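> quick one, structure for this:
(2 chains)
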Amino acid sequence: MERIEKLELRGVTRRFGVTTALHSFDLEIAGGMFVSLLGPSGCGKSTALNCLAGLLDLSEGEIVLNGRPIQDVPAEKRGFGMVFQNYALFPHLSVTRNVSYGLELRGVPKPERERRIRRALEMVKLEEFGKRFPAQLSGGQQQRLAFARTIVLEPGLLLLDEPLSNLDTKLRNEMRIEIKHLHEQLNLTTVYVTHDQSEAMSMSDLVVVMRLGRIEQVGTPQEIYNRPKSLYVADFMGYSNRLPVSLVAQEGQEWVVETISGTQLRASSTLQESTDWQPGQRVLACFRPDEALADPLPAVNHLQGQVQLVEYMGKTFEGLVRLQGDDGIQLLVHSQHPLENDAPVEFGIRPDRLLLFPLATSDNNPVKPHLEPALKGQR
Amino acid sequence: MAEIGLKGRSLARLGLPKRIEWGAVLLSLPAFVMVLALFVYPFVFGFDLSLRSGAKGEGDWTLNNYQQFFNDPRQMDTIWTTFQVALPVTLFSVAVSVPLAYFMRRGIRFERLITAILILPITLGTVMVAQAMLSYFGPRGWFNQLLQGMGLIQDPVRLTRNWIGVEIALFIHGFPFVFLMILGYMSGINPDLERASRMLGASRWQTFWRVIFPLSLPGIAIAFCLNFVANFGVFPSATLVGNPSAETRVLSIAAFQAAFEQNNRPQGTSIALIMGAIELLVIVLILWMRGRLARGATMGGGKGA
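Predicted coordinates:
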């Protein structure tokens, strides 16, 4: 198959009747990249993938592969491979015949076919299961067979549609490593659709966060994680602690803000528009529970509260803390040592990890500012 | 106690529950009695009757009735005649249904209307359809008038009171069943299998022959069997729109004549049982072929599928 130097999606739009599932999607993928499309169900990530695959026609826009538009090339002629969420293995064909399927269609001669099938099955550790039928395989084996069937054709682009969502946690983590391993081994350009931010973070070179059919943010996993550009992305990245504050002053890269009870904190913002902010304006300060630390306590940015509930998280303890005099706002806080119920606690957040966002307006943010985050078990 | 335990274990090995649920037995009793009274008893009664001598079955057990049938060329011919009537229309119904069902498997516009039109003849009954056919397809019916009016034919085509008339009537009745059954089976195939096939490089045609058709085979085989059995036992259409004395003298007519015209009930019953045995043979043959052709096709596709 043709190797990908550069794959561009330009203004790719897909409408279903009156609803637009994908709005003017622009993305540039370099050869060998692992790109994740991340978002909740209904955000258009699968639509984007199916458009790329050729299984859905575009309403507008173009897909350009190595400088050549391919949006009118049918799926079977694009030379892309796809692994489906439910694997879509052929139930009436044996493991070997499933892998052989694409090779037979391409008229690959039998000796070469057998050699390539054997290599593909070895790669996914299924070499001893050739005679079985898909129904006789476990979930993880079916998953690996779906991979073998696709990579045996050496596709130019590998499309993965939530391939891990039907597996249990342990298997999912193993497969995640295997997929990454295969990607590096074969140097396959890969587009991966998922709603799981940890999958996207751990595997990707580039993450595309999507919302309501539009791209919300594109960046490396580090960029998306540390510098979310909107409350929506922050929410997706686990910035579940929200504290309403008002701006006091800007000092260099940082802002000084004040909570309702008058505690002053130092915070930062990832937004372009923050240059227009005025002192006195009310904003939302967001931070991740695992970056709100009671122990070890950061040097600055301290808040006081009372522990309401404690959960043991393995490495740390997570406590639900009610702030003193802040309308009973509750936040999640991590600690190295056991927190005691009803005990007073002091915790802090590093200024560069306390991110400011404008208060949610219905226009640009449908995410509700849930001011009382639940403990992990309740989420 | 030990004995009871042993008994329980051997029952479990047979796949039977260890404890008998008397409530469940009681609940299934009416159905059991119904099957016994409506199916098993008449069958045993008929089988016994077919082995009796004498016109009323009052005599001793004998194989005479069967011997008479197989020794009489005119009676033996009805088997061949019945195949000639039943097989072509069954094959045709299946052959039309498969591509149509493939085309309609994801639903199309006006699907409800089309389905309603298809089902309508079934609700009208055999006699009504036969009556309508006699006037519509008759020598002076609208169909012939239309063809003559368009200048396609000079003399009217004979479409009733012969073999073709029976075929048309059986098609009208059998096709909707066959089509709906195959449609139900095909639309149950996971659409991702087709997408996967395309992504592996298969054209629509290749996908049909390599994925959809083999996976539909069990449904097609069952539809074929049911429709074939219905067509093989045809009686009203063969009498009303066919030529019951010659080219459409099927087994059921032979059985009817023996039992009610010659008043030889044992003879008629033996013909009916011969008919049943042939149907059973064909079903076994079809299911055996299906088993050979589509190994694994009936197995589920695992968790996702």
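
> tell me, how many residues neighbour the nearest residue to A:Pro344 once chain neighbours are set aside?
Closest residue to A:Pro344 apart from its sequence neighbours, by C-beta to C-beta, 6 or more residues apart in numbering or on different chains: A:Gln306 at 5.7 Å. Backbone N, C-alpha and C define where each C-beta goes, glycine included. Neighbour count of A:Gln306, defined by other C-beta atoms under 10 Å in any protein chain shown: 16.

> and B:Ile153, by the same measure?
For B:Ile153, the neighbour count with other C-beta under 10 Å is 12.

> might you name the residue of chain A sitting closest to chain B?
Nearest residue of chain A to chain B: A:Asn86, at 2.3 Å (C-beta to the nearest C-beta).

> tell me which helix or strand that residue sits in.
For A:Asn86, there is no enclosing helix or strand under DSSP states H and E.

> so it sits against A:Ser165, correct?
No - look at A:Asn86 against A:Ser165 with C-beta atoms under 8 Å: they stay out of range, at 9.4 Å.

> and these two? Which one has more around it.
Set A:Asn86 next to A:Ser165 and count neighbours by other C-beta under 10 Å: A:Asn86 wins out with 21 against 15.

> any idea how far apart the tips of stretch A:290-302 sit?
Length of stretch A:290-302, first residue to last, C-alpha to C-alpha, to the nearest Å: 15 Å.

> ok, residues contacting that stretch?
Residues from elsewhere that reach stretch A:290-302, judged by C-beta atoms under 8 Å, 6 or more residues apart in numbering or on different chains: A:241, A:263, A:265-266, A:316, A:319, A:331-337, A:339, A:345-351, A:353-354.

> at 6 Å instead, please
Residues outside stretch A:290-302 that contact it (C-beta atoms under 6 Å, 6 or more residues apart in numbering or on different chains) are A:241, A:265-266, A:333-337, A:345-351, A:353.

> buried stuff in that stretch?
A:291-295, A:298, A:301 (16 or more other C-beta atoms under 10 Å in any protein chain shown).

> same check on stretch B:57-71?
Applying 16+ other C-beta under 10 Å to stretch B:57-71 flags B:57, B:64-66, B:69 as buried.

> now, the residues you listed that are in helices?
Among those, DSSP state H puts B:64-66, B:69 in helices.

> could I get those residues as TSV with distance to B:Gln84?
TSV is the format used below for those (distance: C-beta to C-beta, whole Å):
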residue	distance to B:Gln84
B:Asn64	28
B:Asn65	24
B:Tyr66	23
B:Phe69	18
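
> nearest to B:Leu293, of the buried residues of stretch A:290-302?
A:Glu291 (62.0 Å; C-beta to C-beta).

> for the closest one, give me the backbone phi and psi.
Dihedral angles of A:Glu291 (phi, psi; degrees, to the nearest 10) stand at phi -110, psi 0.

> what's in contact with stretch B:155-171?
Defining contact as C-beta under 6 Å, 6+ apart, one finds that stretch B:155-171 is touched by B:85, B:89, B:134, B:137-139, B:144, B:231, B:237-238, B:241-243, B:247-248.

> for these, which one is nearest B:Arg195?
Nearest to B:Arg195 out of the contacts of stretch B:155-171 is B:Val89 (C-beta to C-beta; 36.0 Å).

> neighbours of that closest one, how many?
23.

> point me to the residue of the stretch 1-150 of chain B nearest chain A.
Proximity of the stretch 1-150 of chain B to chain A (C-beta to the nearest C-beta) peaks at B:Arg106, 13.4 Å away.

> what's the neighbour count on that residue?
B:Arg106 - counted by other C-beta under 10 Å - has 10 other residues nearby.
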